[in-house]
Structure formats: structure tokens, C-alpha cells
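Undergrad: Got a predicted structure plus its sequence, pasted below:
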Amino acid sequence: MLRTAIESAEGVAEKRSFVVEGETSPFKFAIIQPMKIVDILNSKKVSLSFEVFPPKKLEALESIKKTAVELTSLNPDFISVTFGAGGTTQGYTADIAQAIENQGTAALAHLTCVRSTTEALNNIISNLKEKNISNVLALRGDFPKDAAEDENVFPSGFVHASDLVSLLKKEGFCVGGACYPEGHPESTSRETDIENLKHKVDAGVDFLTTQMFFDNDMLYSFLYRLQSAGIHVPVLAGIMPITNANQVSRMVDLSNAYIPRKLLAICDRFRNSPEAMMQAGIAYATDQIIDLISNGVRGIHIYTMNKPAIAKAIISNVNEIIKATNK
Ligand code: FAD
């Protein structure tokens, strides 16, 4: 029997789906199963989730775990944890994801295949299974800028995220993928990018999360194009609150996102007033989210930049809206 419980287990708030077996036997026991994100998305009219990233150094791992745990207290539907492609800190992703799951919140562990051998990927997958993580965001990772001409940057033979999706689905994970409302920077056109995205969806992704965007119209036209391409999996809108004016150029470098004049004006006007910039950036992100929910977008994914205070401020601006939508 499948039940959803909100009860306490060993002092930890438990809000997972679990299978109860042996109810009629004298030894009543429960096998706790981690929540699959696709089930959460299908059960709600609108979901809200966060992203955190792991530290570069081991010394900071505990503090990031605390940040992630603090974010769980805001009751998101799940929290995703990024993965340092080709980095030395890749194991931290699973550790942080486990800390999130221990709080009864679903975790989504990111995984990239660039510069990974088959053995390394298999080790990470085993580690995720041992830690009872059942949701993975399958990514290729950025093509390394420092790669030598003769370097094989895909030693596993996994050249596209879709290759990793197939493997993870075979391993029984709920699998997400990335998508790009303004086109992936390597793509020759937005149409080609969507054709390639279709391969990823056909390989079995359960949902997609978008790259950050600052103009909602970019997302709306992307969603129409997905529909015409026959892509019908849930799409979570990635929202990056810009709370520091210097972030903007970094974000444009990272994502190629179009920055509307309204956001540029905010950055210009409040560049040297950190508190005002923070307030205006939160208001801008809030405005984006309200518009998205009003127009029927069903998933909001906030890039928190490991700052619970920003996530908290946004949630307090939209929690009634989300509650009302989910009634
Ligand atoms: P793919 O889906 O493989 O696409 C990459 C390029 O190849 C695209 O141009 C696509 O059009 C093309 N392509 C795809 N399939 C095919 C095909 N079959 N034939 C021909 N061309 C094809 N990076 C990290 O290092 N760690 C993270 O944790 C991380 N998290 C992310 C989370 C989100 C929500 C997003 C949007 C990005 C994230 N990234 C992360 C960045 C991501 O790794 C880069 O954007 C990377 O360049 C592409 O990854 P992908 O999974 O989208 O690749």
C-alpha cells in the first residue's frame, strides 16, 4: 500500500512516500522510499524548488550542508545540488543530497559525463544508490576550455546528456535534463537545439529544468516550440535572483541570457547600494515568478546561490500565491 505520511521518525520530520508491508504480521514494518520528483510534479499544480552548489574545499562542506538543511525548512518540493564537472569535489554532491533527504525533502543530484570514465560514472551511481538518492539531473557538462586538441574529453563514450539519461533510466533513477529557452550556446540555431532536446526527451527524461532567463517571453515562446516539437514533459523555470549588479555580466557569460532594460536599469541605479540592489533583485525575481505562475507555468526552480535569506524573502512574497494555486 502506498501512503504519504507527515509524521515524525527519530525526531526527523518525515514527509516521504513509503511502502508499508507486513501490516497484518506481528512485525509491522515500513520500507521508506525516497520521493521521485516526477511524482511530486504530477501531484501539484505548481511546484517550487531550490538549487545549491557544493563547496570547492572540504572545510566548507559542513557549512553548505547546513545551508541546504536551512533551505529545507522553507518547505520546497525538492532541492537540487550541482556537480563540479571534471572537479575534485564531485563526491560532495551526494553528501549534500543525502543531508537534504535526511530532512524529508527530496534531493536532485546533478551529474555530468564530460571527462568521466565509465568506471567513474559507475562509482558515482553506486554511491548515489547507497545514499538512497533516487533523482538525478543528467548533464553533459561544459566542453572544457583547457582541453588539448588530442584530448578525448568523453572517455566514457557519453558525448551528449542523452547518453547519460539512458544509463540512469536503466539504473532506475527519476531523471531530469537541462534545456535552454534562448538556445544552448553551442547550438547553430534554436530549432536545432530543440531537435537535439527531443533526443534527450526520447531517451527518457522525466522533466526538464531551464537555464536562467530574465525575460519571461523567452520562456513562453520556448514552451510553444516544445509543444510543436512533441515535447510534453514538465518544464521547470529556472529563476536567478540578481542581487548584486556585478552578477549580471557573469550570468550573461554563463548563459547568454538576454537582459531586459528594466533589469539593466535596476543594476545601474543600485550598483553601489547593496541593500537596495538586494531588495530590487528580489522584487524582480518575485515579479517574474508571479507572472509565470499566472500564465500557467507549473514549476519554479530558484537558483539560490547558497543564500537562504534570498530564498526566504522570495518565498514570503509568493507563498500565498502558490498555496492558492495548489488548492
Ligand atoms: P546536452 O544536452 O548534451 O547538449 C549540449 C549541446 O549538444 C547542445 O548544443 C545540444 O543542442 C547538442 N546536442 C545534444 N544532443 C545532441 C545530439 N544527439 N546530436 C547533436 N548535438 C546534440 N554544469 C555542470 O558542470 N554542473 C552542473 O551541476 C550543472 N547544472 C546545470 C543545471 C541546469 C538546469 C542547466 C541549464 C545547466 C547546468 N549545467 C551544469 C551546465 C551544463 O552542463 C552546460 O550547459 C553544458 O554545456 C550542456 O549540458 P547539457 O546537459 O545541456 O548537454
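TA: Thanks, I have it.
Undergrad: Report the buried residues of stretch 99-118.
TA: 99-101, 103-116 (16 or more other Cβ atoms under 10 Å). To be clear about C-beta, it is placed using only N, CA and C from the backbone, and glycine gets the same treatment.
Undergrad: In terms of pLDDT, where does the spatially closest residue to Gly91 that is not a sequence neighbour sit?
TA: Spatial nearest neighbour of Gly91, excluding adjacent residues (Cβ to Cβ, 6 or more residues apart in numbering): Asn127 at 7.0 Å. Per-residue pLDDT puts Asn127 at 96.
Undergrad: pLDDT weak spots in the protein?
TA: Along the chain, the parts satisfying pLDDT under 70 run over 1-32, 85-88.
Undergrad: hmm, 50 instead?
TA: Filtered on pLDDT under 50, the chain yields the residue ranges 1-23.
Undergrad: does Gly176 count as helix, strand or coil?
TA: Here Gly176 is recorded as strand under DSSP: H, G, I helix; E, B strand; the rest coil.
Undergrad: Just list the residues touching it, thanks.
TA: Ile37, Leu108, Asn135, Val136, Leu137, Ala138, Val205, Asp206, Phe207, Leu208, Thr209 (Cβ atoms under 8 Å, 6 or more residues apart in numbering).
Undergrad: Excluding chain neighbours, give the residue nearest to it in space.
TA: Leu137 (4.4 Å).
Undergrad: Report the central residue of the chain.
TA: Ser80 (4.4 Å; Cα atoms, centre = their mean).
Undergrad: Hmm, that one is touching His110, no?
TA: Yes: here Ser80 lies in contact with His110, judged by Cβ atoms under 8 Å, at a distance of 6.4 Å.
Undergrad: any common contacting residues for the two?
TA: By Cβ under 8 Å, 6+ apart, the residues touching both Ser80 and His110 are Leu137.
Undergrad: re the thing from before, could you look up the SS state of the residue nearest to Gly176?
TA: Leu137 ends up strand, using three-state DSSP.
Undergrad: Strands of the stretch 101-250 of the chain, residue ranges please.
TA: For the stretch 101-250 of the chain, applying DSSP state E, counting those that start in this stretch gives strands covering 106-112, 135-139, 174-179, 207-210, 235-239.
Undergrad: I'd like the ones you listed as CSV, with distance to the ligand appended.
TA: Compiled in CSV, the strands of the stretch 101-250 of the chain are given as follows (distance: least, Cβ to the nearest ligand atom, whole Å):
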stretch, distance to the ligand
strand 106-112, 3
strand 135-139, 4
strand 174-179, 3
strand 207-210, 4
strand 235-239, 6
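Undergrad: near the ligand, which residues of the stretch 101-250 of the chain?
TA: Taking Cβ under 6 Å from any ligand atom as the measure of proximity, the stretch 101-250 of the chain contacts the ligand at 110, 112, 139-142, 160-162, 178, 184, 186-187, 193, 196, 199-200, 209, 211, 238.
Undergrad: longest helix anywhere in this protein?
TA: helix 274-294 (DSSP state H).
Undergrad: contacts for the next helix or strand after that one?
TA: Downstream of helix 274-294, the first helix or strand assigned by DSSP states H and E is strand 299-303. With contacts defined as Cβ under 8 Å, 6+ apart, strand 299-303 is touched by 41, 46-51, 80, 207, 209-210, 212, 234-241, 285, 289, 292-293, 311, 314.
Undergrad: Please indicate which of those are buried?
TA: 41, 46-51, 80, 207, 209-210, 212, 234-241, 285, 289, 292-293, 311, 314.
Undergrad: give me the number of residues near Asp163?
TA: 19 (other Cβ atoms under 10 Å).
Undergrad: out of everything not next to it in sequence, what's closest to Val114?
TA: Gly141 (3.4 Å).
Undergrad: The one you found: neighbour count?
TA: 21.
Undergrad: starting at the chain centroid, how far to stretch 274-292?
TA: 20 Å (Cα atoms, centre = their mean, to the nearest Å).
Undergrad: nope, stretch 159-167 is what I meant
TA: Computed by Cα atoms, centre = their mean, the separation of stretch 159-167 from the middle of its chain amounts to 17 Å.
Undergrad: Now it: buried residues?
TA: Ala161, Ser162, Asp163, Leu164, Val165, Ser166, Leu167.
Undergrad: Would you map the helices across the stretch 1-150 of the chain?
TA: 37-43, 61-72, 91-101, 118-130 (DSSP state H, counting those that start in this stretch).
Undergrad: Can you say which of the ones you listed is packed in most?
TA: Mean neighbour count, computed with mean count of other Cβ atoms under 10 Å, is highest for helix 91-101 among those, reaching a mean of 23.
Undergrad: All good on my end, thank you.
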